[in-house]
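Undergrad: Dropping a prediction and its sequence here:
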Amino acid sequence: MGMDLGFCRRPAALNASGTTVKVEYPYDHQVVSANAVLGGGPWYDSNSHGLGYSILDGSGYGYPNKYSQLGPAFAGTLGLASYNEAAQEHPSLSQFNAPAAEQKWFLDGRPLSGPGPSIADQATPVGGQLYKFSSTTGDGDNLRYVGGASALLGAVNRKIQPTMLFCGTQPMIDASSATQGNTIGTGGSSSYQYCVARKANECRSGSSMGDVYANCPFANPRHNNGGTYGCNNIFAESGLGNDLCINNTGAYLNGISQIGFQNTYDAAGAAGRLLTHGMIRYRLNNVNQNVRTTPDGAWLLFEGEYFNGSEYQILSGKMLPYPPADSLNRASFLPMNLQLKPPDGLGVDNAVVQFGYAENGGASQSYCTSRREACLVVSSTVGSVPFKFASESPDGTAGGLAGVPCSSGCSVAIPALSQRVVYYQVQYRDSGNRVIAQTRLQALATP
């Protein structure tokens, strides 16, 4: 709690009239400029609705009149940046000589801090370098209590958010697929890979749905958690915590964000965007990182930590103009509706669409997530389960999935990510779900 003693009005600060001592709003890591005051908002401020950032838009010093989202959800699922102590906020507003249109935003660096057993808890040694997290799940895609009941704040929603899994400072590579048996090994050939079992016997023979395997060389036991392995939050020295943590990545984590405050309440984070990850690494970062712009707002200035293991640098990046608002809801998938007309004379009964992104594999592989399995659209709308894998059909093949009826034409909705290039291919099938015609691979840029 802060106090303004009002020395100019009452030098002795006796507050005899009850008007010269003023209780100030407790902005966390506050920033004060000529045109705004901002910082983290306390949980007990009922006006904030738990959004995270509190902003006084205007001159002077007082209570906030605007609020913005600290860690926006995506399609109703949260990532680590939603928890302040997992990725602390240290905002800055330094573009005081920029044009007026460029003064209604601030910056924030959100390096990972923690997160510890409340996000993901114990990983059991399997053998060699391989460890296993158990979880609670009903479908193999949405995992809770990863590593045990203590992980009550964590979540992994594989079809909705990217999965964060790291081994100390190293992000791990997803080797998950529908292949049965020991696809991830215990030795060096699988170093820094992980595998999530959607079904029993994926990743490792004898696995259960929701098991997560991680090959983490030189993993350290958690001295503050009984010498067990898993996700930690207490380390003797930065960079020496070679632990294993898993969760949804979420917005802004290990990155530099730009947050606009044009609106009174921005619950969806519509006015925020990630500018860069700034080469921020897990377990080798400054959890109090503060980023700046030049006074004209033209250049971003941020610190680079532990280059080559030890170097410290100040890096710069050219700022892009702050974008104008539009009506798109980027806090969820954007339905990209395809109006399909099947070829004549083939007896088409239904259609499915394979789709994916080139950052997950070859464009023709149709991987829409880091899992190595093609994604299939079988609906005219985007629902809570946005797409299907062939392996979740009764017989484990795409032919076991019902398509969209399309004998004379149909509409299919691809659950697209904003500002990506999505690759897709339409497959027309007969009444036995056999592919009888397909389009060429096509690309679509999403807004």
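TA: That came through fine.

Undergrad: Show me the shaky parts of the chain.
TA: 1-21, 238-239 (pLDDT under 70).

Undergrad: so where do the helices sit in this structure?
TA: Using DSSP state H, the chain contains no helices.

Undergrad: and it, what are its domains?
TA: The chain is divided into the following domains under automatic domain parsing: 25-73+83-108+255-318, 113-252, 334-445.

Undergrad: can you put those in a markdown table and add distance to Pro324?
TA: Quick note: C-beta positions are derived from backbone N, CA and C, even for glycine. As requested, the domains of the chain are exported to a markdown table (distance: least, C-beta to C-beta, whole Å):
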| stretch | distance to Pro324 |
| --- | --- |
| domain 25-73+83-108+255-318 | 9 |
| domain 113-252 | 20 |
| domain 334-445 | 15 |
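
Undergrad: Format those as a markdown table; extra columns: mean neighbour count.
TA: Below are the domains of the chain laid out as a markdown table (neighbours: other C-beta atoms under 10 Å):
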| stretch | mean neighbour count |
| --- | --- |
| domain 25-73+83-108+255-318 | 18 |
| domain 113-252 | 20 |
| domain 334-445 | 17 |
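
Undergrad: Of all these, which one comes closest to Leu328?
TA: domain 334-445 (6.6 Å; C-beta to C-beta).

Undergrad: for the closest one, the distance to its chain's centre please.
TA: 25 Å (C-alpha atoms, centre = their mean, to the nearest Å).

Undergrad: measure it end to end?
TA: Terminal residues of domain 334-445 lie 11 Å apart, using C-alpha to C-alpha, to the nearest Å.

Undergrad: Go ahead and confirm Asp318 touches Trp299.
TA: That one is not Asp; residue 318 is Lys. Yes. Between Lys318 and Trp299 there is a contact at 6.3 Å, judged by C-beta atoms under 8 Å.

Undergrad: ok, and the closest non-adjacent residue to Tyr282?
TA: For Tyr282, ignoring the flanking residues on the chain, the nearest one in space by C-beta to C-beta, 6 or more residues apart in numbering is Phe166 at 4.5 Å.

Undergrad: So the one you found is in contact with Cys245, correct?
TA: Yes. Judged on C-beta under 8 Å, Phe166 makes contact with Cys245 at a distance of 6.0 Å.

Undergrad: List the residues that are in contact with both of those two.
TA: Applying C-beta atoms under 8 Å, 6 or more residues apart in numbering, one finds that Phe166 and Cys245 are jointly contacted by Tyr282.

Undergrad: re earlier: separation between the residue nearest to Tyr282 and Asp430?
TA: Applying C-beta to C-beta, to the nearest Å, the value for Phe166 to Asp430 is 46 Å.

Undergrad: Next: Asp344.
TA: Counting by C-beta to C-beta - Asp344 and Asp430 are separated by 14 Å.

Undergrad: One more: Pro321?
TA: Distance from Pro321 to Asp430, by C-beta to C-beta: 52 Å.

Undergrad: Kindly provide the distance from Tyr423 to Phe333.
TA: Taken as C-beta to C-beta, the span from Tyr423 to Phe333 is 16 Å.

Undergrad: ok, now Phe96?
TA: Counting by C-beta to C-beta, the separation of Phe96 from Phe333 is 38 Å.

Undergrad: Spatially nearest residue to Gly304 (excluding sequence neighbours)?
TA: Gln313 is the one closest to Gly304 (C-beta to C-beta, 6+ apart), at 4.1 Å.

Undergrad: what's the one you found in contact with, if anything?
TA: By C-beta under 8 Å, 6+ apart, Gln313 lies in contact with 303-304, 307.

Undergrad: Next step: the residues you listed restricted to strands.
TA: Using DSSP state E, 303-304, 307 are the members of these that sit in strands.

Undergrad: From the residues you listed, pick the one nearest Val378.
TA: Using C-beta to C-beta, the shortest approach to Val378 within the ones in strands among the contacts of Gln313 belongs to Gly304, at 45.3 Å.

Undergrad: How about the contacts made by that closest one?
TA: Per C-beta under 8 Å, 6+ apart, neighbours of Gly304: 278-279, 311-315.

Undergrad: make it 7 Å
TA: 279, 313, 315 (C-beta atoms under 7 Å, 6 or more residues apart in numbering).

Undergrad: which one of those residues sits closest to Thr439?
TA: The closest of the contacts of Gly304 to Thr439 turns out to be Met279 (C-beta to C-beta; 39.9 Å).

Undergrad: Would you state the strands of the stretch 1-150 of the chain in chain order?
TA: Along the stretch 1-150 of the chain, counting by DSSP state E, counting those that start in this stretch, strands occupy 2-4, 22-24, 28-32, 36-40, 52-57, 66-69, 105-109, 122-127, 130-133, 142-143.

Undergrad: So Arg198 is in contact with Gly138, correct?
TA: No. Here Arg198 does not reach Gly138: they are 11.7 Å apart, not a contact under C-beta atoms under 7 Å.
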